[in-house]
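Novice: next come a sequence and a model predicted from it.
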Amino acid sequence: MALALIVAAGSGERLGADRPKALVELAGRPLLQYSLEALSRVELLERIVVALPAGVAAPAGVVAVEGGAVRSASVKRALAAAVEGKSEGTGESDLVLVHDAARPLLTPELAREVLEALSTDPRADAAIAAVPVTDTIKRVADGRVVAETLDRRSLWAVQTPQVFRRGALERALDVSEEVLAQATDDAWLIERAGGRVIVVPSSDENIKVTTARDLRTAELLLERRASSEGDPA
């Protein structure tokens, strides 16, 4: 079986919202609700724990913890809570799925694909959703001077969900707050510890909602998805 952690402790400041990002509404529903519903349809997941901002009540029936000062600290707290409530027979080799509530267009199919990728690769410590980079990427030095043009054929833009072997993730998270603060995603901590991370092709529709424009884009994508499924938008 597997555990799922949803990181939902963001402030929503860049969205210009007056509430935590997870509670900002997308098409009339909180962002968090979309991820909860998608993951609830993934049969392999035994338990879902959400990291929320201090003072925010968990939705009914949801196990939640107070998020940490930085993203990976929230993951560390959520993992501890998930393991505490685990079923008998689970252990270090269990899979742990981590997802950002800021990516509300997650599909159950993508979550299953990332879980399967790791479960079928015994050499890997993590599997992460990602899309190939299509833009030309340049590394810029001081003074906005281009220092290097990177070969985009080897570049992938990383998303969530990210799936880890529980033991590898626990060891990677067992570092100082300073190191946790450097991590923009949890896979970096695995890389830092010398672990093997594989990518799983995702969709550019699995966007991260950071700005008001992103929110509108997500609304349009939801409308298109509903239309293609024959449901009312």
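Specialist: Okay, I see it.

Novice: so where do the strands sit in the protein?
Specialist: With DSSP state E as the definition, the chain shows strands at residue ranges 2-7, 25-26, 29-30, 45-52, 63-66, 95-100, 126-132, 138-141, 145-149, 156-165, 197-201.

Novice: give me whichever of the ones you listed is most buried.
Specialist: Mean neighbour count (mean count of other C-beta atoms under 10 Å) peaks for strand 2-7 among the strands of the chain, with a mean of 26. Backbone N, C-alpha and C define where each C-beta goes, glycine included.

Novice: hang on, the earlier thing: which stretch among the strands of the chain comes nearest E219?
Specialist: Closest to E219 of the strands of the chain, according to C-beta to C-beta: strand 25-26, at 6.3 Å.

Novice: buried ones in the biggest helix by length in the chain, by neighbour count?
Specialist: Longest helix in the chain by number of residues (criterion: DSSP state H): helix 212-228. Judged by neighbour count (16 or more other C-beta atoms under 10 Å), helix 212-228 contains these buried residues: 214-215, 218, 221-222.

Novice: re earlier: okay if I get the strands of the chain as JSON lines plus mean pLDDT and distance to E37?
Specialist: Shown next, in JSON lines, are the strands of the chain (pLDDT from 0 to 100; distance: least, C-beta to C-beta, whole Å):
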{"stretch": "strand 2-7", "mean pLDDT": "97", "distance to E37": "11"}
{"stretch": "strand 25-26", "mean pLDDT": "94", "distance to E37": "12"}
{"stretch": "strand 29-30", "mean pLDDT": "94", "distance to E37": "9"}
{"stretch": "strand 45-52", "mean pLDDT": "96", "distance to E37": "11"}
{"stretch": "strand 63-66", "mean pLDDT": "95", "distance to E37": "16"}
{"stretch": "strand 95-100", "mean pLDDT": "98", "distance to E37": "12"}
{"stretch": "strand 126-132", "mean pLDDT": "99", "distance to E37": "18"}
{"stretch": "strand 138-141", "mean pLDDT": "96", "distance to E37": "39"}
{"stretch": "strand 145-149", "mean pLDDT": "97", "distance to E37": "42"}
{"stretch": "strand 156-165", "mean pLDDT": "98", "distance to E37": "14"}
{"stretch": "strand 197-201", "mean pLDDT": "99", "distance to E37": "21"}
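
Novice: closest one to P108 among these?
Specialist: Counting by C-beta to C-beta, P108 lies closest to strand 45-52 out of the strands of the chain; the figure is 9.7 Å.

Novice: sheet partners, orientation included, of that closest one?
Specialist: Its sheet considered, strand 45-52 pairs with strand 2-7 (parallel), strand 63-66 (parallel) by DSSP bridges.

Novice: tell me the contacts of the residue most central in space within the chain?
Specialist: In the chain, the centroid-proximal residue (C-alpha atoms, centre = their mean) is H99; its distance is 2.5 Å. Residues counted as contacts of H99 (C-beta atoms under 8 Å, 6 or more residues apart in numbering) are 4-7, 35, 39, 106, 111, 160-162.
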